[in-house]
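Enquirer: I would like to see how this sequence folds:
(one chain, ligands or ions: 2)
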Amino acid sequence: MPLLADVAVPVPLSQAFTYEVPAALAGEVRPGARVLCEFHRRKLLGVVLAVSERSAAIDPSKIKPLAALVDARPALPAELLAFLQELAAYYFAPIGEVLRLALPAIEREQVRALKAQGELGGVLDLGRAKQVGGRQVAYASATDVVEEPGTLRGQAAAVLALLRANGEQPVARIEERFGNARSALKKLAERNLVALDEREPPRDPFFRRAEERDVPPELNAAQAEAAARIDAALAALAPSGGGEHPASTQKEPRPAGQEPRPAGQEPRPAGQEPRPSAFLLFGVTGSGKTEVYLRAIKSCLDRGRGALVMVPEIALTPQLVARFRARFGDELAVLHSGLSDADRHAMWASLHVGKVRVAIGARSALFAPVPDLGLILVDEEHDGSFKQEEGVRYHARDMALLRAHRAGAVCVLGSATPSIESVALVRRGKLAELRLPDRAHREASLPEVSLVDLRRFRAGPSGDPLISLPLHRALEKTLAAKEQAILFLNRRGFAPSVVCGSCGTLTTCDACSVALTYHRGRRRDPRPPSPGGAPAPAAPLDERPEGGRLRCHYCDYAGPLPDRCGACGARNLLLEGLGTERLEATIAGSFPEARVARLDRDVAGKDRSQAILARMREGKIDILVGTQMVTKGHDLPNVTLVGVVNADAALGLPDFRAAERGFQLLVQVAGRAGRRDRPGRVLIQTRNPEHPAIAFAAAHDVPGFLEREIREREEVGYPPATRLALLRIDAVDESVGRGAAAKLAAHARTCPEGAARRVEVLGPSAAPIARLRGRYRFRVLLRARDRGPLRGALAALTGLIRDGLDRNARVIIDVDPVAML
Ligand code: ADP
Ligand code: ZN
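Expert: Ligands and ions are numbered 1, 2, ... in the order given. Got it, this is the predicted structure:
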């Protein structure tokens, strides 16, 4: 019988393809290894899922041999490979695309080089090839050896002096200064005065500055208790290496942490409480969750296992990374989108071979090949960025629970505002709760929150109704005390809408059914013309500074501001509403002596946002204005005032999570205030002070809000009380999209699960954003109490989606959807 390999190739198809393993590669092709294989006359890089001796299910003459083996050591360890297959099944996502998420990018060049090599049937072993791992760099450092006085002259003496004074240096840098550096270094090395070392340079910006090792603080009682319970869970894990589950033991894919069997445990005799291995670390802002993470990683490493840390946006958390670096030094791989392919590969490779055992990164770090995975930490687990909203639509928090469970690892989800989903898991006994009820610094307490009812208070001196008198006064006080303030506003740009003053027509994007935002962009003079004067709520157009653009926040459109209304032709367009750009300008105008800066996606590339946060930390900014980027876990000691300019903006969205998300934002941004000895103050401006998200946030009552929200979801039948799958349909032609949506809905209603009402079918309907990038959008929502029937219905639809619909309609299955727009 032939030796056959099931190979996943990077195409949007769910099945694997069968190839024959050439005799020369018989013992070498293993699951998880990359192979070069012919697919429709092209050579593609695929991943072996399984190898077995069996008779082929298809015509043996149609089975091609594998062209080459790329990795001698499988690129994907068994644990990761099994997890990825399960993830693909859970999300109804093509296996080839899921695998691609986990593999280091191989530049097209190299694949071409591989093909050119053309040693068909051979082992290319890219894994070991230096060309991918990045170039090696030589470093020189002085040793402890002391030379006999007077025996060194010229450049050799100078180079040695330099190394002794400044520590280790790259050889290239020494060469810049000394013409004969090479021969001088050679001489010095021969006499053991200098050591030369070749290695890959840390090119990651996070590694540019050497971080000094810190001294771990003594834990307070709540931290100690949390750390001890995580430690006990780690101690109970199977011994190192036992975490690799062979793919064959897998059952039907399961939702993260939602099965009757507690994570990581085998069934136990009745009466014996299983030890939990998944936790929710619920600690108020500033309670010292990070210190608990650091201890957990330490005890994981001490037990010989690796750890994975996921954070929402790594570019915004240099401080957090620095704390990890200070504790674990170079034992840490930082994965982020700013890495070049070569750097990413280098990081990946050092984890893969076990040189580094801790990885930290955003969502995509979920797929890091951490060796002997023992612990996964998800910081700010409630954050929406853990859900990938394009390509494979996975939720990294849910999948972290799944990966940990399958790997026999401990999982810790941390937040000051836990997601309703996680709280529900605690209630069902799937997660054990750890609480940190107080701020870690003894003097720090939670800030005092006051609501400013915008219906009752008049505008402050700026004239803008969104900068109320109480907010203006509070800013004055903060500045007078030489403290810092953060103003949070959830809208980028200068003016969120442009409206005709004559006919009322809103200027919208041609390709999307959304209003265009006016961006003023960079100006030569950062201050508006009249300090303290009034950019009125709707500034007439002739006051617009040059260089402004209209932008669509959903597609890439950017164009000039027209000089007249497109509908009625009147030269009377008004810039309406307040965006962060305008807020910055208005604040700078009202407080000419203050240093005002802005943090949002428009100003912030990765380095730029770090620079702004660094200036804030150094006290070089008095008032920081920004979008949710300012709400993330920054620890800025001198911030004593936080102003939420318009709390209502997020609450009115047509999304069942709008209240939850609004609440989280408010609590998180409020948590930036008063983190040290000086008390903090938070002003929340709203026209809707009774809204539960606002009222509970003002009272710091997180458990109260969660309690209410869970009940609410139960009443309206939304997750976590039910499970959802959203079919997203779009097409350039409106009727094509509508037709496909109708067909899908009808099919869902008549499939067994739909017919038996185990799955409820809502729609078809137009999406809240009915048109995006020139495509009309529709959706069909499937809802069920249990996951089984929902999966059944989705499975029944996949055939129709593959080949039963108009080719011009695109359908995406979004399991456990987050974005509902
Ligand atoms: P969180 O992640 O919960 O928001 P952090 O971990 O950032 O909180 O902690 C807030 C501040 O308290 C940090 O400056 C941190 O260094 C400090 N801190 C944490 N734990 C302790 C402790 N046990 N003793 C003293 N300071 C602590
Ligand atoms: Zn658009």
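
Enquirer: The closest residue to residue 347 other than its chain neighbours in helix, strand or coil?
Expert: Distances taken as CB to CB, 6 or more residues apart in numbering put residue 333 closest to residue 347, at 4.4 Å, once the chain neighbours are dropped. All C-beta atoms are positioned from the backbone trio N, CA, C, and that covers glycine. Secondary structure, DSSP: H, G, I helix; E, B strand; the rest coil: residue 333 is strand.

Enquirer: wait, residue 333 sits on residue 356?
Expert: Yes - contact status for residue 333 versus residue 356: in contact at 4.8 Å, counting by CB atoms under 8 Å.

Enquirer: Give me the common contacts of these two.
Expert: 347, 350 (CB atoms under 8 Å, 6 or more residues apart in numbering).

Enquirer: Please identify which of these two sits among more neighbours.
Expert: More neighbours surround residue 333 than the other of residue 333 and residue 356, with 25 against 21 (other CB atoms under 10 Å).

Enquirer: Beta-bridge partners for the more buried one, please?
Expert: residue 359 (DSSP bridges).

Enquirer: What distance do you get for it to ligand 1?
Expert: 21 Å (CB to the nearest ligand atom, to the nearest Å).

Enquirer: chain center to stretch 779-793: distance?
Expert: Distance of stretch 779-793 from the chain centroid (CA atoms, centre = their mean, to the nearest Å) equals 27 Å.

Enquirer: Repeat that for stretch 20-40.
Expert: 34 Å.

Enquirer: ditto for stretch 613-632
Expert: The answer for stretch 613-632 is 21 Å, by CA atoms, centre = their mean.

Enquirer: ditto for stretch 189-198
Expert: A distance of 43 Å separates the centroid of the chain from that of stretch 189-198, by CA atoms, centre = their mean.

Enquirer: How many residues are close by the residue of the stretch 101-250 of the chain found nearest ligand 2?
Expert: In the stretch 101-250 of the chain, the residue that lies nearest ligand 2 is residue 101 (27.6 Å; CB to the ion). When counting by other CB under 10 Å, one arrives at 18 neighbours for residue 101.

Enquirer: Measure how buried the closest residue to residue 93 other than its chain neighbours is and give me the count.
Expert: Spatial nearest neighbour of residue 93, excluding adjacent residues (CB to CB, 6+ apart): residue 392 at 4.5 Å. Using other CB under 10 Å, residue 392 is surrounded by 15 other residues.

Enquirer: One more: residue 302?
Expert: 10.

Enquirer: likewise residue 304?
Expert: Residue 304 has 13 nearby residues by other CB under 10 Å.

Enquirer: Could you pull up the contacting residues of residue 293?
Expert: Residue 293 touches 309, 377, 379, 412, 414, counting by CB under 8 Å, 6+ apart.

Enquirer: is it true that the first one lies in a strand?
Expert: If I follow you right, that is residue 309. Yes - Residue 309 forms part of a strand when assessed by three-state DSSP.

Enquirer: The closest residue to it other than its chain neighbours and residue 280: what is the separation?
Expert: In space, and not counting its chain neighbours, residue 309 is closest to residue 360: 4.2 Å by CB to CB, 6+ apart. Between residue 360 and residue 280 the distance is 20 Å, computed by CB to CB, to the nearest Å.

Enquirer: Look at these two and report which has more neighbours.
Expert: residue 360 (28 against 24).

Enquirer: Which residue ranges make up each domain of the protein?
Expert: Per automatic domain parsing, the structural domains of the chain span 3-128, 137-199, 221-265+274-436, 442-491+579-720, 494-577, 723-815.

Enquirer: what's the model's confidence in the fourth one, averaged?
Expert: Put plainly, it is domain 442-491+579-720. Averaged across domain 442-491+579-720, pLDDT comes to 89.

Enquirer: what's the answer for the third one, then?
Expert: In this model, domain 221-265+274-436 carries a mean pLDDT of 85.

Enquirer: check which helix or strand covers the residue of the chain most remote from its centre.
Expert: Computed with CA atoms, centre = their mean, the residue of the chain farthest from its C-alpha average is residue 150, at 58.7 Å. Secondary structure assignment for residue 150, by DSSP states H and E: no helix or strand.

Enquirer: Repeat that for the one 10 residues further on.
Expert: Following DSSP H and E, one finds residue 160 within helix 154-166.

Enquirer: what comes into contact with that helix?
Expert: 140-142, 147, 152, 169, 174, 177-181, 184-185, 187-188, 193-194.

Enquirer: From those, which land in strands?
Expert: 140, 141, 142, 169, 194 (DSSP state E).

Enquirer: so who does the closest residue to residue 664 other than its chain neighbours touch?
Expert: In this structure, residue 664 finds its nearest non-sequential neighbour in residue 417, 4.3 Å apart by CB to CB, 6+ apart. Applying CB under 8 Å, 6+ apart to residue 417 gives the contacts 382, 663, 664, 667, 668, 702.

Enquirer: Turn those residues into CSV, including neighbour count.
Expert: As requested, these are exported to CSV (neighbours: other CB atoms under 10 Å):
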residue, neighbour count
382, 25
663, 28
664, 27
667, 27
668, 23
702, 21
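
Enquirer: Looking at those residues, which are in helices?
Expert: Among the contacts of residue 417, the residues falling in helices (DSSP state H) are 663, 664, 667, 668, 702.

Enquirer: isn't the second one right up against residue 382?
Expert: Yes - with contacts counted by CB under 8 Å, residue 664 reaches residue 382, the gap being 5.4 Å.

Enquirer: Quick one: residues in contact with stretch 813-821.
Expert: Applying CB under 8 Å, 6+ apart, the set of residues contacting stretch 813-821 is 90-92, 384, 387, 389, 393, 395, 398, 653-657, 719, 723-728, 767-769, 794, 797-798, 801.

Enquirer: And the buried ones among the residues you listed, selectable in PyMOL?
Expert: One line in PyMOL is enough to select the buried ones among the contacts of stretch 813-821; burial here means 16 or more other CB atoms under 10 Å:
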select buried, resi 90+91+92+387+393+395+398+655+656+657+719+723+724+725+726+727+728+767+794+797+801
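
Enquirer: What are the boundaries of the helices in the stretch 401-550 of the chain?
Expert: 420-427, 469-480 (DSSP state H, counting those that start in this stretch).

Enquirer: Could you say which of the ones you listed is packed most deeply?
Expert: helix 420-427 (a mean of 21; mean count of other CB atoms under 10 Å).
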